[in-house]
Structure formats: C-alpha cells, structure tokens
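J.: Quick one, structure for this:
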Amino acid sequence: MKKIFVILLSAVALFTCANASAQSTEWRAGLGYAGVSFNGDDCSTFLKEHHLGGFYAGISKEFYFSTMAGLTFEPGVFFYYHSGKSGLPEPAPKFMKMSYLSIPLNIKYNFEASPEMLIGLYTGPVLNIGTGGNVYSKDKFITNTDLTDATHKLTQMNIQWDLGLTAAFSEAVQVRVGYAFGLSRLVKERDVHANTFSVGVAFMF
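T.: Okay, the predicted model is just below:
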C-alpha cells in the first residue's frame, strides 16, 4: 500500500504541475485490442498459460509545454474488458471475464519522423479500478486449478506501469502500441499480477 500511495502522490503532483505550466492541449478518442496475462510467485501455471483477449475504449488529453520541446503530459480514462474460455470442468464458469476503468498518467516525448508523421514514446503509472467480472467466479479469483481451494476477492484497485509507442499521421489519426506491467497485487492474499498489452487507434480533435 505504501508503494501505491507514493506512486499516486507523485502522479497527482505531476498532474498539478502539468496544469500549471501547459501551454496547449489536444484531445484524443481511442479504441483497440487489449490482452491481459498473469504472473507472480503465487500465480498458477494454468493462469500463466491462459491470456485473455478483449478491447479498450476511452479518451485522453495531451498537454504541451512551451519550455520543453517535444515533452508532454497525457492523462486519460479508458474502459477495458477481457475474456477467454476457462477450459475447466464444471462447476467452473465457461468463460473468465474482467473489466475495469483505467487511468493512465503518462509522460511522453514526441519527435518528427517526417513532415506528416510524429513519433511519441511514453511511460507512467496507471491506476485501474475494477468494475466487474468473474475470473473464475463472480468478483472472485482462484490462483490455481484446484476448484476446491478457497477463493479470494479481487482488489478494487491495482497499479501498473505503462510503456508505449505512438505514431501520429497528419495531426488527425494516431496508432498506439503499449504494454502495462502489473505492480500491485490483484488479490490481497496472493502475489498475482496482471500485465496488459494493447494496440489501437486514436482520433485527434
């Protein structure tokens, strides 16, 4: 919890500074594919081998700075949904599902690759807030393949660290590829983390 608090406090300070010194802004509406994988000391082999597919959709806003050419701050709000067949016998649900709101707080560096293409590299913390799902049963999570084991509730919030690349064309359309590493536990009692790969498109306005 202390690590999460420090990350969030740093993000709030970063956002405050960005608002204070930003000179111009751009909005983006984006959507695309998003897949999630699991790892950690308490993560079962079954979970490590079963990635969930899905999608994301949301908006972001990029703040530009007059004193630091190419450097921007890009917060956003996105909805993520993941699902996949469990491959387990009854009484396990046929599908694993999870959904959440994701709030990335990224620092980004942009440079011109050509007169019509702008490349960006970004990194920063991501706060995820759970909204539902049944990974493996409603609002609970099993960390191995033994269905008789006790289940554990998913944490309401978890933290990831984001890394990614963007390519903007003609200041109208942007292609994004990113990977968010799980920093905090999905389950309070177990060391299990979620990592999210995403690729999509954003429309700039």
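J.: ok, Ser170 to Tyr56 distance?
T.: Remark: distance between Ser170 and Tyr56 (CB to CB, to the nearest Å) = 24 Å. Using the backbone N, CA and C atoms, a C-beta is placed for each residue, glycine as well.
J.: Compare the two (neighbour count), which wins?
T.: Comparing Ser170 with Tyr56 by other CB atoms under 10 Å, the one with more neighbours is Tyr56, at 21 against 10.
J.: any idea how far Gly164 lies from Ala113?
T.: Distance of Gly164 to Ala113, given as CB to CB: 16 Å.
J.: swap that for Phe73, sorry
T.: Distance of Phe73 to Ala113, given as CB to CB: 21 Å.
J.: Who has more neighbours out of these two?
T.: Between Phe73 and Ala113, counted using other CB under 10 Å, Phe73 has the larger neighbour count: 23 against 11.
J.: List the neighbouring strands of the helix or strand hosting that one plus their orientation.
T.: Phe73 belongs to strand 71-85 when assigned by DSSP states H and E. Next to strand 71-85 in the sheet, as set by DSSP bridges, lie strand 53-65 (antiparallel), strand 95-114 (antiparallel).
J.: can you map out the helices along the protein?
T.: Here the chain has its helices, by DSSP state H, at 2-21, 45-49.
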